[in-house]
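Q: heads up, no residue letters with this:
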Ligand code: CP3
């Protein structure tokens, strides 16, 4: 059971309250833009070693909390630990990103994917969560996360990052029945993973569907909206009071379907959505989280402060969490993040 503590502004916002000062955390708030991260990253060796060594992962999770006093700490890990835990070889190439031995069709489902060792492989992640929660200031909310089935499947089938998603779409559009088996496997594994994260201390969880916007509407209903709905239901069945945030990046007007159909308590909105549309179409149903353009944070200055104040003015009178429209990029000057936090909290005047 996660007790809903009254002194955690981020949790309160997810429960539908409107805190007087918007709570703030940032996707990818830990990472390469921070010198203290780069130092630990060099010591850890590979990125996966960093994720699976609780001493390192705990420290990296806490770095942005210490530096900026954010309202949420997000577990340091990656969405691709699920395919890895299912037995699919995964490695990260410096300067390139994630690489996987691509799943080359339905036959690979039984040959490669085995959920039996899921919790065993992911045990270090649960240890990290227990350690971070023990060290967190009492007003900071512990966030767990996982990738959504569609986004994780794109990496599994393409073997890494993709520009056009040609291979995964060939499978999804050409043989939807067998692709459904892959999605079902991911719904099940992801639900178990998120429930275990909550049992280890996560007080809310976010589901990242970074590539939702790559699909046409009908396919997005089937491969994004419905799987997220099933994951939310599986989490709520075991942890009815734990809020779930969905991030269907690029979903455009389909964001309303995630609000109406998935059961998510919060929606993370990307930077392309107009603020008045977010307010009128989404904020009446869910808590909204967003949506400063990460490049605006790189540029900083008066333009950034004006954009931040505009977002707060338009969304701050309802349930709202300040965040970016996507993750912090490595080029971000760390002092701009400090300025962002101060501006959201009304501590800057220029
Ligand atoms: O938000 C946080 O601070 C928590 C940690 C976190 C990471 N990845 C660490 C990471 C989270 C929440 C993620 C999610 C993730 N991972 C997503 C969804 C959100 C998004 O950004 O769209 C996706 C698509 C991935 C897959 C992934 N992992 C890619 C494409 C890459 C390479 C690109 C990049 O930014 O390096 C990664 C690697 C990765 N995941 C790094 C970090 C800090 C960089 C690894 C390094 O230090 O070399």
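A: Everything's here; your move. Values in this document were obtained by computation on a predicted structure and should not be read as measured data.
Q: how much space between the nearest residue to residue 232 once chain neighbours are set aside and the ligand?
A: What sits nearest to residue 232 in space, not counting adjacent residues and going by Cβ to Cβ, 6 or more residues apart in numbering, is residue 263, at 4.2 Å. (Glycine included, C-beta is placed from N, CA and C.) According to Cβ to the nearest ligand atom, to the nearest Å, residue 263 and the ligand sit 21 Å apart.
Q: what do you get for residue 96?
A: Computed as Cβ to the nearest ligand atom, the residue 96 to the ligand distance reads 8 Å.
Q: quick one, what contacts that residue?
A: Contact analysis of residue 96 by Cβ atoms under 8 Å, 6 or more residues apart in numbering lists residue 160.
Q: With residue 189 instead?
A: Counting by Cβ under 8 Å, 6+ apart, residue 189 touches 82, 85-86, 115, 118.
Q: run the last query once more with 7 Å
A: For residue 189, the contact set (Cβ atoms under 7 Å, 6 or more residues apart in numbering) comprises 82, 86, 115, 118.
Q: cool, residue 145 as well?
A: 74-75, 205-206, 208.
Q: follow-up on the earlier one: does the residue nearest to residue 232 touch residue 233 like I think?
A: Yes: the pair residue 263 and residue 233 passes the contact test of Cβ atoms under 7 Å, sitting 6.3 Å apart.
Q: So those two - more neighbours on which side?
A: Neighbour totals were compared for residue 263 and residue 233, and residue 263 leads with 18 against 14 (other Cβ atoms under 10 Å).
Q: hang on, that one in a strand?
A: No: when DSSP: H, G, I helix; E, B strand; the rest coil is applied, residue 263 is found to be coil, with no strand at that position.
Q: For it, give me the pLDDT.
A: Residue 263 is assigned 98 on the pLDDT scale.
Q: Could you measure from it over to residue 59?
A: With distances taken as Cβ to Cβ, to the nearest Å, residue 263 is found 34 Å from residue 59.
Q: Repeat that for residue 123.
A: Distance of residue 123 to residue 59, computed by Cβ to Cβ: 18 Å.
Q: Among the two, which residue is more densely surrounded?
A: residue 59 (22 against 16).
Q: in terms of contact, does that one touch residue 40 like I think?
A: Yes: here residue 59 lies in contact with residue 40, judged by Cβ under 7 Å, at a distance of 6.1 Å.
Q: For the residue nearest to residue 232, give its distance to residue 105.
A: Distance, residue 263 to residue 105, using Cβ to Cβ: 32 Å.
Q: do the same with residue 294
A: For residue 294, the distance to residue 105 - Cβ to Cβ - is 35 Å.
Q: same deal with residue 319?
A: Distance from residue 319 to residue 105, by Cβ to Cβ: 43 Å.
Q: These two: which is more packed in?
A: Remark: of residue 319 and residue 105, residue 319 carries more neighbours, 24 against 16, as counted by other Cβ under 10 Å.
Q: Measure how buried the spatially closest residue to the more buried one that is not a sequence neighbour is and give me the count.
A: Nearest non-adjacent residue to residue 319, counting by Cβ to Cβ, 6+ apart: residue 287, 3.9 Å away. Neighbours of residue 287 under the rule other Cβ under 10 Å: 25.
Q: hey, what's residue 287 bridged with?
A: As for beta bridges, residue 287 partners with residue 266 under DSSP bridges.
Q: For the stretch 151-300 of the chain, which residues are neighbours of the ligand?
A: Counting by Cβ under 6 Å from any ligand atom, the stretch 151-300 of the chain comes close to the ligand at 161, 208, 210.
Q: partners of the closest residue to the ligand within the stretch 51-200 of the chain in the sheet?
A: Nearest residue of the stretch 51-200 of the chain to the ligand: residue 97, at 3.5 Å (Cβ to the nearest ligand atom). On the basis of DSSP bridges, residue 97 is bridged to residue 93.
Q: Go ahead and confirm it touches residue 158.
A: No: the pair residue 97 and residue 158 fails to qualify as a contact (Cβ under 7 Å) at a distance of 11.4 Å.
Q: Which one's more surrounded, these two?
A: Set residue 97 next to residue 158 and count neighbours by other Cβ under 10 Å: residue 158 wins out with 19 against 12.
Q: in what helix or strand does the closest residue to the more buried one other than its chain neighbours lie?
A: Once flanking residues are discounted, residue 158 sits nearest to residue 167: 5.3 Å by Cβ to Cβ, 6+ apart. Assigned by DSSP states H and E, residue 167 belongs to helix 166-174.
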